[in-house]
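**Q** Sharing a model prediction with you, sequence too.
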Amino acid sequence: MSSGEATSHQARRPEDIKAVPVRRPGRWVVAAIVLVVAVAIVRSIATNPNFQWGVVGEYLFDGRILHGLRVTIELTAIAMGIGVGLGVLLAIMRLSPNWLVSSASSFYIWFFRGTPVLVQLLFWYNIAALYPKIALGIPFGPAFVHADANTLITPFAAAILGLGLNEGAYMAEIVRAGIISVDAGQSDAAQSLGMTRLQTMRRIVLPQAMRVIIPPTGNETISMLKTSSLASVIVVTELLYAAQLIYSVNFKTIPLLIVASVWYIVCTSVLYVGQYYLERHYGRGAAREQAARLSSRVLRGVLSFRRSGEHFRPGGGEHR
């Protein structure tokens, strides 16, 4: 091909199509409104002297507040430990082919889900009115351990019993949902290999069910952290009650409630991050695309604000 023909061919070649993103002014209007409202709220909170931010900073790391925070974390950890262990046991019992075992589990779940947790806390706190003496031994036989109910069931123990036993009923349904989400063929294959039902549950079913169990369990843990504030009703010096004891003396009610709220937000944020990484760990091998790292998601969200004048080539290449 001569140079003249080549030049003529290039001259006849059509230009690349420049795809321009569709402009959506409504989104920018809504975003502007949200931004204005957010700035107004932040400015109001920051400049309102009634919030008394100086008092908040003074009591944020107060020893009494930190002690209450420690008690709150202990209540959450112990109650969730009891709830998870009891939930797994109750879920397995409810799926048992033995109708008596299954019925006992169903009754427990029905009863503890049907009564408010606050009522259960008050019940355990006043258990000595029903059983002044608590004895442990052989049913309908001799007792080996005797204890005074008021001495044994302290306010902290009553809070653990109320929160933990109530959580066990909810965790049972979460674990049961995870177990039945695993294909029945997995259990059949395990039984064909000679594994017992317990071995199948522990080695085959539960590890696969964790992908379904972890997200609601994380939500229950965060909820438990906040529900532990109900223990203040039975005089457990957790975070909220510690703040109440302080503002009942100095009458700085709002600043002390803000202090408690700040620590609740900090703890729930830490639990949220832990839940995210647990979900990502147990979600490996799932059919759907795995979520990116938390930092990558934040960075991608920041970089997603592109200039409206950007152009893209049809093949996917970007042209600025």
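**A** Noted; the coordinates are in hand. On a predicted model such as this, the values are computed, not experimentally measured, just so you know.

**Q** all helices of the stretch 51-200 of the chain, in order?
**A** 53-59, 63-94, 99-114, 117-125, 149-152, 155-180, 184-192, 197-200 (DSSP state H, counting those that start in this stretch).

**Q** any chance of these in a markdown table, plus mean pLDDT and distance to Tyr277?
**A** To be clear about C-beta, it is placed using only N, CA and C from the backbone, and glycine gets the same treatment. Listed next are the helices of the stretch 51-200 of the chain as a markdown table, based on pLDDT from 0 to 100; distance: least, Cβ to Cβ, whole Å:
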| stretch | mean pLDDT | distance to Tyr277 |
| --- | --- | --- |
| helix 53-59 | 91 | 31 |
| helix 63-94 | 94 | 17 |
| helix 99-114 | 93 | 30 |
| helix 117-125 | 93 | 29 |
| helix 149-152 | 80 | 39 |
| helix 155-180 | 93 | 19 |
| helix 184-192 | 79 | 26 |
| helix 197-200 | 79 | 28 |
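
**Q** Figure out which of those is closest to Val235.
**A** helix 155-180 (5.2 Å; Cβ to Cβ).

**Q** who's in contact with Ala91?
**A** Ser105, Met171, Ala172, Glu173, Val175, Arg176, Ile179 (Cβ atoms under 8 Å, 6 or more residues apart in numbering).

**Q** Looking at these, which is nearest Ser229?
**A** Met171 (20.1 Å).

**Q** residues in contact with that closest one?
**A** Gly83, Val84, Leu86, Gly87, Val88, Leu90, Ala91, Thr217, Glu220.

**Q** ok, which stretches of the stretch 201-320 of the chain are helices?
**A** Going by DSSP H, counting those that start in this stretch, the stretch 201-320 of the chain shows helices at 206-227, 239-250, 253-282, 294-303.

**Q** closest one to Ala19 among those helices?
**A** That would be helix 294-303 among those, by Cβ to Cβ, at 19.8 Å.

**Q** can you tell me how far the residue lying closest to Pro132 once chain neighbours are set aside sits from Leu230?
**A** Closest residue to Pro132 apart from its sequence neighbours, by Cβ to Cβ, 6 or more residues apart in numbering: Ala149 at 5.6 Å. Note on Ala149: its distance to Leu230, by Cβ to Cβ, to the nearest Å, is 21 Å.

**Q** How much space separates Ile41 from Tyr247?
**A** Applying Cβ to Cβ to Ile41 and Tyr247 gives a distance of 24 Å.

**Q** Please identify which of those two sits among more neighbours.
**A** Neighbours per residue (other Cβ atoms under 10 Å) separate Ile41 from Tyr247, with Tyr247 holding more: 18 against 10.

**Q** Now for the residue nearest to the more buried one when sequence neighbours are not counted: which residues touch it?
**A** Counting by Cβ to Cβ, 6+ apart, the nearest residue to Tyr247 once its immediate chain neighbours are dropped is Leu256, at 4.1 Å. By Cβ under 8 Å, 6+ apart, Leu256 lies in contact with Val55, Tyr59, Ala243, Gln244, Ile246, Tyr247.

**Q** got the contact list for the residue sitting nearest the centre point of the chain?
**A** In the chain, the centroid-proximal residue (Cα atoms, centre = their mean) is Asn219; its distance is 2.3 Å. Neighbour list for Asn219: Gln275 [criterion: Cβ under 8 Å, 6+ apart].

**Q** ok, it to Pro155 distance?
**A** 27 Å.

**Q** got it, and Thr72?
**A** 14 Å.

**Q** cool, and Ala184?
**A** For Ala184 relative to Pro155 (Cβ to Cβ), the value is 46 Å.

**Q** Since that was my last question, I'll sign off now.
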